[in-house]
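Asker: Sequence below, structure please.
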Amino acid sequence: MIKVKVKSIMTPNPVVIELPATRSYALDLFKKHRVRSFPVVKRSTKQLVGIVSVKHLLLNPDEDQLAMLIKRDVPTVKPTDDIKKAAKAMLMKNYRRVVVVNNENKVVGILTVGDIIRRYLAKNEKMKRIEIEPFYQRYISVVWRGTPLKAALKALLLADSMALPVIDEEGNLIGIIDETDILRDSEVIITMKSSSLYPSSEEEWILESNPTLLLTKRELKLPNKPIEEIMTKDVIKATEHMSVYDVANKMAQYKIEQLPVIKGQGDLVGLIRDMDLLKVLLNYKHK
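Answerer: Numbering: from 1, shown residues only. Below you'll find the model as predicted:
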């Protein structure tokens with residue numbers, strides 16, 4: 001049995017963020033590189049601190065210190081580890097990537113679900129014999145095409161999902177939207193808010209003499225438009241009995257992480273995510 005090692009399919013020397021850094025700096029990097037997370041390292045030692053994700057930035061628009069937004073308990077692997085170990089770590093921690101570190105805990109690479117899809121599953125013709133039917137998600141959230149962007153973002157976060165299928169009034173699948181679509185149409189604005197330094201009371205009568213404190217707050221501003229204006233309309237789909245190989249190749253070709261699953265005349269029955277395909281590896285023997 002030949003083991004497939006992490007170093008053979010990882011992305012070496014990934015972009016990292018050095019601390020200290022600000023949320024605004026990280027947002028610029030996310031928009032530039034179109035990724036969902038970055039490893040974060042100490043500037044002085046270059047050792048791994050954790051990972052910051054675009055989702056954490058969306059959830060905390062008022063926090064500007066990046067150190068407060070880092071997920072520190074992240075899975076790591078060594079370059080010589082088997083990719084099964086990496087896949088197992090991703091599934092156990094529900095994390096889309098593992099950071100590849102050397103013996104000094106310095107970042108030498110990153111291995112994502114997408115790397116495994118593109119560089120292994122999409123190239124392994126033995127995956128043609130395995131159907132996605134046991135692996136796709138049957139219970140998923142959807143959004144209506146007229147949903148405002150702010151409500152769609154809330155739905156994404158509550159569903160803990162990267163993307164949601166979009167349906168019309170009759171329940172037909174007409175598009176898909178993900179968090180990067182929403183981030184691309186957003187901006188961070190600074191608002192001013194006044195707060196009294198004294199507690200209010202019914203006996204307070206000289207309002208002009210009541211000292212106030214001006215507070216600044218950073219908020220994520222989304223345009224007032226429905227999701228159908230920014231959704232992806234040409235949806236790449238899968239069918240229940242499509243092979244892991246074919247689905248992996250579609251994901252690799254179109255650079256997407258999930259495909260709505262349909263049957264019959266196009267009825268939406270679920271969603272197959274790249275994370276779901278990792279489960280195939282746990283019981284598969286490399287040959």
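
Asker: Report the residue ranges of every domain in this protein.
Answerer: Domain assignment of the chain by automatic domain parsing yields the ranges 6-121, 129-178+224-282.

Asker: Could I get those domains in TSV, plus columns for mean neighbour count?
Answerer: All C-beta atoms are positioned from the backbone trio N, CA, C, and that covers glycine. Shown next, in TSV, are the domains of the chain (neighbours: other C-beta atoms under 10 Å):
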stretch	mean neighbour count
domain 6-121	17
domain 129-178+224-282	17
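
Asker: any chance of the ones you listed in CSV, plus distance to Arg184?
Answerer: Below are these laid out as CSV (distance: least, C-beta to C-beta, whole Å):
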stretch, distance to Arg184
domain 6-121, 7
domain 129-178+224-282, 8
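
Asker: With mean pLDDT as added columns, please give those domains in CSV.
Answerer: What follows is these, written out as CSV (pLDDT from 0 to 100):
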stretch, mean pLDDT
domain 6-121, 92
domain 129-178+224-282, 93
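
Asker: ranges for the helices of this structure?
Answerer: 6-9, 23-33, 54-59, 83-93, 113-116, 149-159, 179-184, 244-254, 274-282 (DSSP state H).

Asker: Tabulate those helices in JSON lines, adding columns for distance to Lys123.
Answerer: JSON lines is the format used below for these (distance: least, C-beta to C-beta, whole Å):
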{"stretch": "helix 6-9", "distance to Lys123": "10"}
{"stretch": "helix 23-33", "distance to Lys123": "25"}
{"stretch": "helix 54-59", "distance to Lys123": "28"}
{"stretch": "helix 83-93", "distance to Lys123": "13"}
{"stretch": "helix 113-116", "distance to Lys123": "11"}
{"stretch": "helix 149-159", "distance to Lys123": "31"}
{"stretch": "helix 179-184", "distance to Lys123": "26"}
{"stretch": "helix 244-254", "distance to Lys123": "9"}
{"stretch": "helix 274-282", "distance to Lys123": "13"}
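
Asker: I'd like to know which of those lies nearest to Tyr136.
Answerer: Closest to Tyr136 of those, according to C-beta to C-beta: helix 274-282, at 6.1 Å.

Asker: other SSEs contacting the closest one?
Answerer: Contacts defined by 3 or more C-beta pairs under 8 Å, 6 or more residues apart in numbering; DSSP states H and E place helix 274-282 against helix 83-93, helix 113-116, helix 244-254.

Asker: what angle separates it from helix 83-93?
Answerer: Angle between the axes of helix 274-282 and helix 83-93 is 130 degrees (criterion: axes from the mean of the first three to the mean of the last three C-alpha atoms, to 10 degrees).

Asker: List the beta-bridge partners for the closest residue to Arg138 other than its chain neighbours.
Answerer: Spatial nearest neighbour of Arg138, chain neighbours left out: Gly270 (4.8 Å); criterion: C-beta to C-beta, 6 or more residues apart in numbering. Taking DSSP bridges as the rule, Gly270 bridges to Val261.
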